[in-house]
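Engineer: Need coordinates for the below:
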Amino acid sequence: MPFPLGHTAIGLATYETARKKGVCSSRIALFVSIVFLANLPDLDILFGLLIKSNGAAFHRGPTHSLLFALVAGCMFSWAGRRWHRIPRLDFGLCTLLIFSHVLADMLLTTSPVSLLWPFEIYWSQGHSGWSDIVQMALFQGVQDFIIAAVVLAYLYGLKKIRKGVCLTEALFAPARKRAR
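Structural biologist: Have a look, this model is predicted:
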């Protein structure tokens, strides 16, 4: 099962693949937004921990659906048009970043997701407390490192084809300016 690192890597690859050519923001807020959107469906783990002290209680439910990706993508896109601190990402890209999480869970795990919620609903089984969640996210992410390595290779190839990758420039451009 992908953890935050894996979902972030998949989100970065999704952004680089789907962004409009020539459109590139040089703010670190872009990276933070991509990380947020790519991991957003796992907010259900936090709700489960806060409400039932069980991160698995609501996991893989409504937040892992196409409807959630559409609604949350619309809301984030709208927020980006209203507040200047949030990068302006169009609705389709926001939705795709959120849906990349759902798709990764569908393809890289054996547990079902509630893709067509409210017409179908699946919940994770078992119990995961705070320490279980932290331990899994920090120490059981071998698959995440493999995903990150594959994404790095993909982004390297994309950089060669496109003669530049937006996020690499966005993340490291401020450091290069200071170094000079």
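Engineer: surely V113 meets V102?
Structural biologist: Yes: using CB atoms under 8 Å, V113 is in contact with V102, at 5.8 Å. C-beta here means a position set from N, CA and C on the backbone, and glycine is covered the same way.
Engineer: Buried residues in the helix ranked longest in the chain, which are they?
Structural biologist: Ranked by residue count under DSSP state H, the longest helix found in the chain is helix 142-162. Neighbour-count burial for helix 142-162, counted by 16 or more other CB atoms under 10 Å, picks out 144, 147-148, 151, 155, 158.
Engineer: same deal with stretch 121-140?
Structural biologist: Here stretch 121-140 shows 124, 128, 132-133 as buried, counting by 16+ other CB under 10 Å.
Engineer: and if you look at stretch 79-87?
Structural biologist: Buried residues in stretch 79-87, counted by 16+ other CB under 10 Å: 80, 86-87.
Engineer: Would you mind giving the buried residues of helix 142-162 as CSV with pLDDT and distance to P4 added?
Structural biologist: Formatted as CSV, the buried residues of helix 142-162 follow (pLDDT from 0 to 100; distance: CB to CB, whole Å):
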residue, pLDDT, distance to P4
D144, 87, 8
I147, 92, 11
A148, 91, 11
V151, 92, 14
L155, 86, 18
L158, 83, 22
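Engineer: any chance of the buried residues of stretch 121-140 in a markdown table, plus secondary structure?
Structural biologist: Conversion of the buried residues of stretch 121-140 to a markdown table gives the following (DSSP: H, G, I helix; E, B strand; the rest coil):
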| residue | secondary structure |
| --- | --- |
| S124 | coil |
| S128 | coil |
| D132 | helix |
| I133 | helix |
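Engineer: I appreciate the help and will end here.
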